[in-house]
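J.: Prediction below, plus the sequence it came from.
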Amino acid sequence: MKKIVAVIPARYKSSRFEGKPLALILDKPMIKHVYEGVKKSEMLSGVIIATEDKRIYDVCKGFGANVVMTKDTHQTGTDRIIEAVSDIDADIILNIQGDEPLVNSEIISALIKPFNESVDISYTSVKTPIYSYEEFMDPNNVKVVVDKNNFGIYFSRSSIPHDREYAGNLKDFKGIFGYKHLGFYGYTKEFLLEFGKMKQSYLEKKEMLEQLRAIENGYRIKVETVVLSTIPVDVPDDIKKVENFILKSYND
């Protein structure tokens, strides 16, 4: 049986929202929402929070999390994860962003599923259908196109695929505009360590999307579909969106 460990990178020094992991969502630190959402999965051997900041470390220790201190020089969450797992015994590593307070077991299961179906899988992620024109056109939402076997062909902040039939009146389209990529990843530990050695690639720099580095180096990313989207917290205004979603879920 595979040993699967989820790692939550949590950085204090965010340019758009400093101290974001400690921001309160319904009186609970966001990082605790993320941790509790991940812990609900029964498929995991362990959950680790990786941070560069003592304030985050102390809060996470306070609610009983397994938390490790990492260097403060990492450029990406993936680099932080690599440091956190380099010496642990694990087959599969999940990357669960610390600003995703609505992470759920469906997402965790979708990340793990391909590894149980094929020994050839080294990298996984998730997507969800886009039914809104505004969401499809928003460059803050990363879109993904896949092949018939759900391997990622390309990820972009642009509205892909381009629909020539509705090019002039896309707002009138009814149905699925495309697929939104959700920023959760699964890797074999072997691939993750190899990925960390690769140089930033051309398309990765253009789109500022790390997963394109793998595609440009000839690796395939299996992208499973999930029903529910999430609301990542990028700026302070996103807190209210998450709170409204949670309160509506309680009342439904």
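T.: Received it, and whenever you're ready, just let me know what you need. Numbers count the residues shown, from 1 in each chain.
J.: Provide the secondary structure category for residue 152.
T.: Using DSSP: H, G, I helix; E, B strand; the rest coil as the criterion, the local structure at residue 152 reads strand.
J.: contacting residues for it?
T.: 125, 144-146, 211, 215, 220-223 (CB atoms under 8 Å, 6 or more residues apart in numbering). Every residue, glycine included, has its C-beta placed from N, CA and C.
J.: Quick check on these: which are buried?
T.: 125, 144-146, 211, 215, 220-223 (16 or more other CB atoms under 10 Å).
J.: quick one: the helix or strand residue 187 falls within to chain centroid distance?
T.: For residue 187, the host element (DSSP states H and E) is strand 178-188. Here strand 178-188 is found 6 Å from its chain centre; the criterion is CA atoms, centre = their mean, to the nearest Å.
J.: what about the nearest residue to residue 192 once chain neighbours are set aside, how many neighbours?
T.: On the basis of CB to CB, 6 or more residues apart in numbering, the spatially nearest residue to residue 192 that is not a chain neighbour turns out to be residue 93, at 5.3 Å. Residues near residue 93, counting by other CB atoms under 10 Å, number 26.
J.: all strands for this protein, in order.
T.: For the chain, the strands defined by DSSP state E cover 4-10, 24-25, 28-29, 46-51, 67-69, 92-96, 123-130, 143-146, 152-156, 178-188, 222-225.
J.: can you list contacts of the lengthiest helix in the chain?
T.: Assignment by DSSP state H gives helix 237-251 as the longest helix of the chain. By CB under 8 Å, 6+ apart, the surrounding residues in contact with helix 237-251 are 23-26, 30, 101-102, 231-233.
J.: how much distance is there from it to the middle of the chain?
T.: 19 Å.
J.: Go through it and flag the buried ones.
T.: Buried, per 16+ other CB under 10 Å, within helix 237-251: 238-239, 242-243, 246.
J.: Next: stretch 80-90.
T.: So, applying 16+ other CB under 10 Å, buried residues of stretch 80-90: 80-85, 90.
J.: Could you do stretch 110-117 as well?
T.: For stretch 110-117, by 16+ other CB under 10 Å, it's 110-115.
J.: Then stretch 87-104?
T.: Quick answer for stretch 87-104 (16+ other CB under 10 Å): 90, 92-103.
J.: Then stretch 221-233?
T.: In stretch 221-233, counting by 16+ other CB under 10 Å, buried: 221-224, 226, 229-233.
J.: How about stretch 33-53?
T.: 33-35, 37-39, 41, 43-44, 47-53.
J.: repeat for stretch 149-157
T.: Quick answer for stretch 149-157 (16+ other CB under 10 Å): 150-152, 154-157.
J.: now do stretch 15-32
T.: For stretch 15-32, by 16+ other CB under 10 Å, it's 17, 20-23, 25, 29-32.
J.: Need the max-distance pair from these.
T.: Greatest spacing in the buried residues of stretch 15-32, by CB to CB: 17 and 32 (16.8 Å).
J.: quick one: residue 219 from residue 124, how far?
T.: 11 Å (CB to CB, to the nearest Å).
J.: These two: which is more packed in?
T.: residue 124 (25 against 17).
J.: my guess is the more buried one contacts residue 107, does it?
T.: No - with contact defined as CB atoms under 8 Å, residue 124 and residue 107 do not form a contacting pair (10.8 Å).
J.: Next, the contact list for residue 226, please.
T.: Residue 226 makes contact with 106-107, 110, 126-128, 182, according to CB under 8 Å, 6+ apart.
J.: For ChimeraX, write the selection for the buried entries among these.
T.: Buried members of the contacts of residue 226 can be picked out in ChimeraX with the line below, counting by 16+ other CB under 10 Å:
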select :107,110,126,127,128,182
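J.: biggest separation within the contacts of residue 226, which pair?
T.: Top of the distance list for the contacts of residue 226 (CB to CB): 106 and 127, 12.6 Å.
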